[in-house]
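Asker: I'd like to go over a predicted model; first the sequence, then the structure.
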Amino acid sequence: MTAPTPSTPWARRITDGLEPKNVIVAMLLLLGGARYGWNGLAWAVFAALFTAVVPTLLIRFGMRRGTVGDRHVGNRRRRLTLFPLIMVSVAVGFTGMLLAHAPRDLTAVVLAMFASLVPILVITAWWKVSVHTAVASGAVVCLAVALGPWWLLLYPPVALIGWSRVVLRDHTAAQTVVGTAVGALSAGLTFWAAR
C-alpha cells in the first residue's frame, strides 16, 4: 500500500461524494424534475430505487458477508459476480416503468444504464474499467441529450472523478479514460435512440 499524499483526502472526498449511486440519484432527480415536474420527480425516485438503492444494498450485503471488500468493489473478480445482480435490479426497474407507462425520458435513461453495464461487465472480465467515470460520463451525455448541450459543461467534474480514482490507486488513467468513453457511448447512444 502506498503512503498517502496531500491529495489523498481530497481524492477520497471526490470518490465517495461523486460515487455512482450519488450521481445516478442526482441525474434522475434533475432529469425527472426538469422534464416532467412533480410526476417526473416521483418516477425518478422509483427509478433510483432499482438503479442506486438496491445496488447499494447488494454491495453492503456483500460487505457484511465478507464477499465484497469495500463500497467501491475494488476487487475485479467480485465485480463479475455483483454486476449481473445489479443488472437484474436495473432490468426489473425498467420493466416496471415500461409497464406502468413512466415518462419516456426516465424509462430511456434507465435502459441506458442497463446498456452501459453490458460493456462494463464484458471489459471487467479481463480489465478493471472505472465504473465511477462511466456512470458520471453517461449521466452528463444523457442530460445533454435531454436538456441541451450546455450540460456538457459538467465534463470537468468527470475528469476530477477520474483524477481521484488514479490518486487513490483504484484505477489507472487508462481505466478512467476508457470508463468515460464507454459511459458516454453506451449510455448516450442508447438514451438518444430510446427516447
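Answerer: Cool, the structure landed. Residues are numbered from 1 along each chain as shown.
Asker: For the spatially most central residue of the chain, which non-adjacent residue is spatially closest?
Answerer: With distances taken as Cα atoms, centre = their mean, V135 lies nearest the centre of the chain, 3.1 Å away. Nearest residue to V135, sequence neighbours excluded (Cβ to Cβ, 6 or more residues apart in numbering): P20, at 4.0 Å. Any C-beta I mention is one placed from the backbone N, CA and C, and that applies to glycine too.
Asker: That neighbour contacts T133, correct?
Answerer: No - under the criterion of Cβ atoms under 8 Å, P20 makes no contact with T133, lying 9.7 Å away.
Asker: out of those two, which sits in the busier spot?
Answerer: T133 (30 against 24; other Cβ atoms under 10 Å).
Asker: biggest helix in the protein by residues?
Answerer: The longest helix of the chain (DSSP state H) is helix 20-48.
Asker: buried sites along the helix or strand following that one?
Answerer: Once the chain leaves helix 20-48, the next helix or strand it forms, by DSSP states H and E, is helix 54-65. By 16 or more other Cβ atoms under 10 Å, the buried positions in helix 54-65 come out as V54, P55, T56, L58, I59, G62.
Asker: Run through who's touching helix 54-65.
Answerer: Residues from elsewhere that reach helix 54-65 (Cβ atoms under 8 Å, 6 or more residues apart in numbering): K21, V68, G69, D70, R71, V73, R78, L82, L85, I86, S89, V90.
Asker: Check those against R104 and report the nearest one.
Answerer: In terms of Cβ to Cβ, no member of the contacts of helix 54-65 lies closer to R104 than V90, at 17.3 Å.
Asker: residue contacts, the closest one?
Answerer: Applying Cβ under 8 Å, 6+ apart, we find V90 in contact with F50, T51, P55, V110, M113, F114, L117.
Asker: pLDDT score for A3?
Answerer: At A3, the pLDDT value in this model is 56.
Asker: Correction: the previous question concerned G17.
Answerer: 96.
Asker: Counting by contacts, list what the helix or strand where I123 lies packs against.
Answerer: For I123, the host element (DSSP H and E) is helix 104-124. Counting by 3 or more Cβ pairs under 8 Å, 6 or more residues apart in numbering; DSSP states H and E, the packing neighbours recorded for helix 104-124 are helix 20-48, helix 76-99, helix 131-147, helix 173-182, helix 188-194.
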